[in-house]
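Peer 1: Structure of the sequence below:
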Amino acid sequence: MIGDTQYSSSYTKKAQITSYFGFTIWKDFNNRQSHRKITESGKGFYLAVQSNNQDAILEELMCSFETVKFGRENCGVSESDSDVEPPSVFIRAALELDYLTYKEFAYILWSLEDKGGNFTDTIAEISQARQSGGLNIPEAAQKYTDAKPIMILVRWGFLAEGDTVGGARKIMIAPIVLDRYRKRLSNLKIYNIDMDMYVVDDITELRVSESRLEYTERVTGGSNILLYGVPGAGKSYTIEHEYCDDENRIERLVFHPDYTYSDFVGQILPNVSEGIVSYEFTEGPFTRLLKNSYENPGVEYFLIIEEINRGNAPAIFGEVFQLLDRDENGTSEYGISNSDIARVVYGVNNLKVRIPSNMSIIGTMNTSDQNVFTLDTAFQRRWNMRMIENDMSKVDLEFSNHKILDTEVSWKQFNEAINTIILRKNVRVTSSEDKRLGAYFVRKSDLQYNADEKNYELPEKERLRAERNNSLFADKVLKYLWDDAFKFTREDIFETSRYISLEDIVKKFKTSDGNERFAVFKEEIFNLFISEKINDEEI
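Peer 2: Predicted structure coming up:
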């Protein structure tokens with residue numbers, strides 16, 4: 001596999017190359033004097049080389065890139081402890097830039113590993129340097145210029161040498177490889193933290209799937225989305241109908257003033273077993289969903305955070321806040337060190353944690369909320385903000401046209417009239433648009449009239465149940481209008497000369513029948529409820 005033209009003293013050292021690609025492994029990973037053994041993939045690669053089957057050689061190498069960790073716990077470079085996957089970095093960079101030189105490769109590794117840079121910015125630096133006279137390689141990057149794995153990939157035909165530029169040889173992906181594997185190459189993980197975990201047994205033999213060709217690609221496109229709008233605009237409805245309605249792929253939680261980092265990520269709790277007390281990390285919803293996402297790369301998962309601004313979001317996220325920066329595929333650009341999360345998700349505690357590309361976070365926020373925590377700019381910039389319009393025309397007709405109890409006024413008529421008044425008349429209220437009634441401010445059950453309330457032949461318990469049902473609209477909507485939306489301008493819509501308190505308003509509405517219920521409003525306001533079109537002159 002490494003060729004038959006080597007000096008005899010070179011074979012032991014060169015055998016590290018086959019270990020690097022997972023074709024051979026140490027029988028005892030911790031003992032470098034132990035025997036090496038050939039893996040199943042190594043057997044396949046050996047047979048392909050012996051029979052000069054180039055197609056099989058390329059396939060075995062492609063599978064190696066997709067399954068072997070090169071940066072950490074690799075038999076070929078046992079001392080390496082890095083999140084970065086050098087071969088994948090080279091291939092992804094060559095895809096972006098058409099070719100790569102060894103010096104450019106060294107610069108990329110230095111930028112990612114030593115400087116803490118990100119892949120996208122580093123590629124942009126190289127592209128710009130090519131146009132402006134060349135790349136200056138720092139002294140610290142020189143240690144990465146000896147790229148033997150890349151050289152052997154040229155020898156094996158996976159990569160190819162081109163002409164020279166500035167005295168440096170161009171290395172590119174072989175055309176046959178590019179034609180055959182372009183999509184799989186573009187999905188290679190730059191960081192081993194993003195790779196699927198494979199079980200290692202007692203003798204550290206890597207167990208890949210029964211068929212290495214049955215590689216499951218991780219879903220990409222994970223993002224952080226913040227839905228905002230007036231209460232009842234349909235934020236939760238949007239999540240269910242546009243993002244995910246499968247509870248098996250969702251963790252749903254609500255932020256509040258007492259919600260903490262420990263609730264969100266997890267905490268160490270005492271555990272009593274056979275009279276012995278031990279302390280174990282119990283994962284929170286974030287860690288639990290993170291684990292599911294990593295173990296099921298072909299499934300898209302969603303962390304739903306309702307009322308995200310009702311808790312101290314930056315404090316709740318803690319260092320997880322750093323993971324919200326994502327790359328073009330949706331994976332966290334930067335990893336964090338958290339041994340508790342790593343142990344739950346990966347089974348080991350020394351891997352850096354990242355949000356995978358198949359996990360999205362969706363937060364909801366009411367724009368009218370007062371006395372809540374403010375989301376600072378640094379936090380908000382890591383989210384894709386999406387306003388949910390308060391539009392009755394997009395609501396199910398059966399719901400929007402449903403009459404309010406036993407009146408002739410539909411929910412749509414009432415909602416649009418009140419919201420128009422709020423926008424055009426209630427000028428003394430700061431941010432009056434945030435006080436509007438959301439299209440889903442009420443449920444259909446809040447609008448339904450139960451005639452059993454007046455059926456005195458029924459048992460009192462049933463009549464009281466009907467009465468409670470018929471009170472839902474008044475207790476929810478009228479209270480909101482009185483205490484919040486029109487708190488300082490009640491006389492603009494309510495008949496305050498006759499009904500001077502919320503109690504009077506609600507009692508009158510509940511004890512009346514039909515349209516008489518709306519007598520609590522000024523006459524011109526009621527006329528707006530039953531008007532087909534509202535004009536400015538009417539307000």
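
Peer 1: Name the surrounding residues that touch stretch 367-386.
Peer 2: If you take CB atoms under 8 Å, 6 or more residues apart in numbering as the criterion, stretch 367-386 is touched by 223-231, 257, 307-314, 321, 324-325, 363, 365, 431, 434-435, 484. Every C-beta, even on glycine, is put in place using the N, C-alpha and C of the backbone.

Peer 1: now, which of these lie within strands?
Peer 2: Secondary structure from DSSP state E places 224-229, 363, 365 of the contacts of stretch 367-386 in strands.

Peer 1: just for the stretch 51-200 of the chain, where's the confidence low?
Peer 2: Scanning the stretch 51-200 of the chain for pLDDT under 70 picks out 72-80, 192-200.

Peer 1: what are the ranges of the strands in it?
Peer 2: 72-74, 77-81, 159-165, 168-173 (DSSP state E, counting those that start in this stretch).

Peer 1: still on that earlier bit, farthest pair within the ones in strands among the contacts of stretch 367-386?
Peer 2: Largest separation among the ones in strands among the contacts of stretch 367-386 by CB to CB: Asn224 and Gly229, giving 17.4 Å.

Peer 1: Who has more neighbours out of these two?
Peer 2: Gly229 (23 against 20; other CB atoms under 10 Å).

Peer 1: OK, contacts around the residue lying closest to that one once chain neighbours are set aside?
Peer 2: Distances taken as CB to CB, 6 or more residues apart in numbering place Ile388 nearest to Gly229, at 3.8 Å, with adjacent residues excluded. Listed by CB under 8 Å, 6+ apart, the contact partners of Ile388 are 227-229, 233-235, 238.

Peer 1: Taking the centroid of the chain, which residue is nearest it?
Peer 2: The residue lying closest to the centre of the chain (CA atoms, centre = their mean) is Ser360, at 1.8 Å.

Peer 1: so is that one in a helix, a strand, or just coil?
Peer 2: Three-state call for Ser360 (DSSP: H, G, I helix; E, B strand; the rest coil): strand.

Peer 1: hang on, it packs against Gly222?
Peer 2: Yes. The pair Ser360 / Gly222 is scored as a contact, 4.8 Å apart, by CB atoms under 8 Å.

Peer 1: shared neighbours of those two, which are they?
Peer 2: Residues touching both Ser360 and Gly222 (CB under 8 Å, 6+ apart): 300, 330.

Peer 1: On the pLDDT front, check Ala48 for me.
Peer 2: Ala48 carries a pLDDT value of 88.

Peer 1: residues contacting the nearest residue to Asp452 once chain neighbours are set aside?
Peer 2: Distances taken as CB to CB, 6+ apart put Ala466 closest to Asp452, at 3.8 Å, once the chain neighbours are dropped. By CB under 8 Å, 6+ apart, the contact set of Ala466 is 450-453, 455.

Peer 1: and of those residues, the nearest to Trp156?
Peer 2: Nearest to Trp156 among these, with distances taken as CB to CB, is Asn450, at 77.6 Å.

Peer 1: Who are the contact partners of the residue lying farthest from the centre of the chain?
Peer 2: Outermost residue of the chain with respect to the C-alpha centroid, by CA atoms, centre = their mean, is Glu457; its distance is 56.5 Å. Applying CB under 8 Å, 6+ apart to Glu457 gives no contacts.

Peer 1: Burial check on the residue lying closest to Ser82 once chain neighbours are set aside, number of neighbours?
Peer 2: Once flanking residues are discounted, Ser82 sits nearest to Gly71: 3.9 Å by CB to CB, 6+ apart. The local packing of Gly71 (other CB under 10 Å) involves 22 other residues.

Peer 1: can you check Arg92 too?
Peer 2: Residues near Arg92, counting by other CB under 10 Å: 21.

Peer 1: Please tell me I have it right and it contacts Lys189.
Peer 2: No. At 9.0 Å, Arg92 does not count as touching Lys189 under the criterion of CB under 8 Å.

Peer 1: need the contact list for Ile316.
Peer 2: Counting by CB under 8 Å, 6+ apart, Ile316 has contacts 255, 259-261, 263-264.

Peer 1: and which of the residues you listed is nearest to Val344?
Peer 2: For those, the nearest to Val344 is Phe264 (13.8 Å; CB to CB).

Peer 1: so the closest one touches Phe317, yeah?
Peer 2: Yes. Using CB under 8 Å, Phe264 is in contact with Phe317, at 7.1 Å.

Peer 1: Direction included, what does the helix or strand containing Arg252 pair against?
Peer 2: With secondary structure defined by DSSP states H and E, Arg252 is part of strand 250-254. Taking DSSP bridges as the criterion, strand 250-254 forms sheet pairs with strand 301-306 (parallel).

Peer 1: Tell me the pLDDT of the residue farthest from the centre of the chain.
Peer 2: 86.

Peer 1: now do the one 5 residues further on
Peer 2: Per-residue pLDDT puts Glu462 at 91.

Peer 1: So what's the residue count around Val272?
Peer 2: 8.

Peer 1: try the one 3 residues further on
Peer 2: Residue neighbour count, defined by other CB under 10 Å, stands at 5 for Gly275.

Peer 1: Likewise for the one 3 residues further on?
Peer 2: Around Ser278 there are 9 other residues, counting by other CB under 10 Å.

Peer 1: what's the answer for Ser512, then?
Peer 2: Around Ser512 there are 16 residues (other CB under 10 Å).

Peer 1: swap in Asp98?
Peer 2: For Asp98, the neighbour count with other CB under 10 Å is 11.

Peer 1: How about the contacts made by it?
Peer 2: Asp98 neighbours (CB under 8 Å, 6+ apart): Met172.

Peer 1: that older thread, the residue nearest to Ser82 against Ser88, yeah?
Peer 2: No. Counting by CB under 8 Å, Gly71 stays clear of Ser88, with 9.3 Å between them.

Peer 1: Show me how the chain divides into domains.
Peer 2: Taking automatic domain parsing as the reference, the chain has its domains at 8-194, 224-389, 393-538.

Peer 1: Compare those domains and give me the one nearest Glu217.
Peer 2: In terms of CB to CB, the element of the domains of the chain nearest to Glu217 is domain 8-194, at 5.6 Å.
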